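**Q** mind folding the following:
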Amino acid sequence: MATALQQQLAQIAKKSTDQLDLKAQRAQHSKSLLFDPRVTANQTFETIYQICAEAFQELCLLDARFAPFAANLFSEQSKSEERINLTKKENEDLDQIIDSFLGLVSSRLLLRPGLKAVEWLVRRFRVHEYNTESLVLTFLPYHANPVFPTMLSILPKTLPPTLKFLQPYISSLSCPPSQALVYAAVNNPSFFTAFNTYVVRTSNLGHHSVMLLQFWAGVMTPTINGMLDAAMSGRADVRSQRQEDLLLRLVPVLQQTLRIKNVPELFLGSCMIICVLVSKTQLDDKVLDSLMDAVSRGWTSQTIDQGLSTVAIIAEERQSLKFTRPVTKALLKVPALESRILELQTKQHTGRLLTGLAMTSLDEASSPEAFDLIENAVTSHIPTLPQKAAIIQLLLSAVSDLQASSEALASQERLGRIFSALCQSSSTLPLVQAEAARLDLSLESLEV
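**A** I've put the predicted structure just below:
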């Protein structure tokens, strides 16, 4: 049985431990985006909560999407919630909520209510320690603003590999230039992945902002350019491996970004990246087809012209002239397609776009629009003579096949009308005659 002295010593030890724990807890929660350390040392959670909760209410007035966070991050219960007392599952759930909030508040960090709301996440939930990556990525679009070094000042001494490139700027509490971000994205695969994952996740939640997506495109476009430059150096086998590694990292990202509907800035940024990619490196048709398919599936009425321009650029790089069936179907659904292509022709090459579309449209034999497109393609000035010859060759085969089958008379009549137009043109008649001779067909036997 403990003596009275032993009991007194135990009570003193417990009190000392409690005081040490309290000091440690205060130290852990003293990092701040707003206040000097001398001020934070004397602040209670009640005081901090009142300041930050008021700012949160202002955010809710600005954007109703913040309201659900009143039930968790900014609830009364949050004042006493200590992360070290939460289970692993509870912390994981909390991380998801925090990531969601940070993505939404990102566009308002330069507003006082936005920064004050994030202050609560720093002071109460220690996001600078538990959610370092998400916090940095949330502030990254403001890398040139004084708020960024302030955020750097509260980060832990040991950063994850993803963010190691920021170490010199933490030491000097300075703003990293854009070139540093691009260099990190080119040379640090984990940062490249984290940055893109953050943008995709935020966009999927509908928490993106125009500023974030423009920043993403502004970093990723020169990043891909730099990656391609790096991939082109060295031996042939090394170059091939580097290019394959790049595609394995980039193509899945683009497929995800293009799949997200009604986020035009994300779609346009993805198209910019694709144009750099296909223009600077030789890709096989399988990769190009997957990109073309992703673009044509992802465009909306807002982005269809940029999407069409991107598809035209991809088409110029393909070996095969014919498109895949899904891409052709998507193109044929574009309103005023021919006039859009004519307008596009004033800015860039569209010959392979129109040629590929015309050739693949022959598979849509029952579509009057398809026949009109074919006729306009071979009689217009856009395709080159070899491209027109390729279309004519397919037309001759199609006519021959139709005559040998029981296809609708209307289809034969439409093909006949196209050939009549071709034969009446001094520029295309020699092509028709040459292709017919090459296939050992007579125009008379085809009843053209």
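
**Q** in this structure residue 362 contacts residue 399, no?
**A** No - applying CB atoms under 8 Å, one finds residue 362 not in contact with residue 399, separated by 10.3 Å. Just so you know, the C-beta spots here come from the backbone N, C-alpha and C atoms, and that holds for glycine as well.

**Q** who's more crowded, these two?
**A** residue 399 (23 against 19; other CB atoms under 10 Å).

**Q** flag every buried residue along the one helix or strand that one maps to.
**A** Under the criterion of DSSP states H and E, residue 399 resides in helix 385-403. By 16 or more other CB atoms under 10 Å, the buried positions in helix 385-403 come out as 387-396, 398-399, 402.

**Q** got the contact list for it?
**A** 321, 351-352, 355, 358-359, 362, 365, 374, 377-378, 383, 411-412, 415-416, 418-419, 422, 427-428, 431-432, 434-436, 438-439, 441, 446-448 (CB atoms under 8 Å, 6 or more residues apart in numbering).

**Q** what's the mean pLDDT across that helix?
**A** Helix 385-403 shows a mean pLDDT of 80.

**Q** and residue 198, what is it in contact with?
**A** Contacts of residue 198 by CB under 8 Å, 6+ apart are 103, 134, 137.

**Q** any low-confidence regions in the stretch 301-448 of the chain?
**A** 363-369, 401-412, 443-448 (pLDDT under 70).

**Q** repeat that with 80
**A** Residues of the stretch 301-448 of the chain meeting the criterion pLDDT under 80: 362-375, 379, 397-428, 439-448.

**Q** can you list the buried residues in stretch 55-69?
**A** Quick answer for stretch 55-69 (16+ other CB under 10 Å): 55-56, 58-60, 66, 69.

**Q** what pLDDT, on average, does it get?
**A** Averaging pLDDT residue by residue across stretch 55-69 gives 97.

**Q** ok, residues contacting that stretch?
**A** Against stretch 55-69 from outside (CB under 8 Å, 6+ apart): 70, 74, 97, 101, 104-105, 108, 112-117, 119-120, 206-207.

**Q** show me those residues that map onto helices.
**A** The members of the contacts of stretch 55-69 that map onto helices under DSSP state H are 97, 101, 104-105, 112-117, 119-120.

**Q** so how far is residue 272 from the residue most central in space within the chain?
**A** Relative to the mean C-alpha position of the chain, the nearest C-alpha, by CA atoms, centre = their mean, is the one of residue 257, at 3.6 Å. Noted for residue 257: a distance of 11 Å to residue 272, by CB to CB, to the nearest Å.

**Q** one more: residue 434?
**A** Relative to residue 272, and taking CB to CB, residue 434 is found at 41 Å.

**Q** same drill for the two, tell me which one is more crowded.
**A** Between residue 434 and residue 272, residue 272 has the larger neighbour count (other CB under 10 Å), namely 17 against 13.

**Q** that one and residue 219 touch, don't they?
**A** No - applying CB under 8 Å as the test, residue 272 and residue 219 come out as separate, 11.5 Å apart.

**Q** which of the contacts of residue 198 lies closest to residue 331?
**A** Nearest to residue 331 among those: residue 103, at 34.4 Å, using CB to CB.

**Q** contacts only, for the closest one.
**A** Residue 103 neighbours (CB under 8 Å, 6+ apart): 138, 198, 201-202, 205, 207-208.

**Q** buried subset of those residues?
**A** 138, 198, 201-202, 207-208.

**Q** would a markdown table of these with distance to residue 36 and pLDDT be doable?
**A** Output for those, formatted as a markdown table (distance: CB to CB, whole Å; pLDDT from 0 to 100):
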| residue | distance to residue 36 | pLDDT |
| --- | --- | --- |
| 138 | 23 | 98 |
| 198 | 30 | 98 |
| 201 | 34 | 97 |
| 202 | 32 | 97 |
| 207 | 31 | 96 |
| 208 | 34 | 95 |
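
**Q** for those, could you give me a markdown table that also reports distance to residue 347?
**A** Output for the buried ones among the contacts of residue 103, formatted as a markdown table (distance: CB to CB, whole Å):
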| residue | distance to residue 347 |
| --- | --- |
| 138 | 37 |
| 198 | 33 |
| 201 | 35 |
| 202 | 32 |
| 207 | 34 |
| 208 | 29 |
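
**Q** what about those residues, which are in strands?
**A** Among the buried ones among the contacts of residue 103, no member falls in strands (DSSP state E).

**Q** quick one: which of those residues is nearest to residue 38?
**A** Closest to residue 38, out of all of the buried ones among the contacts of residue 103 and judged by CB to CB, is residue 138, at 27.1 Å.

**Q** on that earlier part again, buried among the contacts of helix 385-403? Make that a PyMOL selection.
**A** Only the buried entries of these go into this PyMOL selection, using 16+ other CB under 10 Å:
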select buried, resi 321+351+352+355+358+359+362+365+374+377+378+383+411+412+415+418+419+422+428+431+432+435+436+441+446+448
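
**Q** got a list of what residue 360 touches?
**A** So residue 360 contacts 322-325, 327-328 (CB under 8 Å, 6+ apart).

**Q** among these, which one is most surrounded by other residues?
**A** Neighbour max across the contacts of residue 360 (other CB under 10 Å) = residue 323, 29 neighbours.

**Q** any chance of the contacts of residue 103 in TSV, plus distance to residue 173?
**A** Putting those into TSV (distance: CB to CB, whole Å) gives the following:
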residue	distance to residue 173
138	19
198	24
201	29
202	27
205	32
207	29
208	29
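
**Q** biggest separation within those, which pair?
**A** Going by CB to CB, the pair spanning those furthest: 138 and 205, at 13.2 Å.

**Q** tell me what the helix or strand containing residue 136 is packed against?
**A** Taking DSSP H and E as the criterion, residue 136 maps to helix 132-139. Packing partners of helix 132-139 (3 or more CB pairs under 8 Å, 6 or more residues apart in numbering; DSSP states H and E): helix 88-105, helix 127-130, helix 147-152, helix 189-204.

**Q** reformat these as TSV; add distance to residue 33.
**A** Shown next, in TSV, are the helices and strands packed on helix 132-139 (distance: least, CB to CB, whole Å):
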stretch	distance to residue 33
helix 88-105	12
helix 127-130	9
helix 147-152	6
helix 189-204	20
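
**Q** closest to residue 346 out of those helices?
**A** helix 189-204 (32.6 Å).

**Q** tilt between the closest one and helix 88-105?
**A** With axes from the mean of the first three to the mean of the last three CA atoms, to 10 degrees applied, the angle from helix 189-204 to helix 88-105 works out at 70 degrees.

**Q** so how far is helix 189-204 from its chain's centroid?
**A** 9 Å (CA atoms, centre = their mean, to the nearest Å).

**Q** identify each buried residue in that helix, please.
**A** Quick answer for helix 189-204 (16+ other CB under 10 Å): 191-192, 194-196, 198-203.
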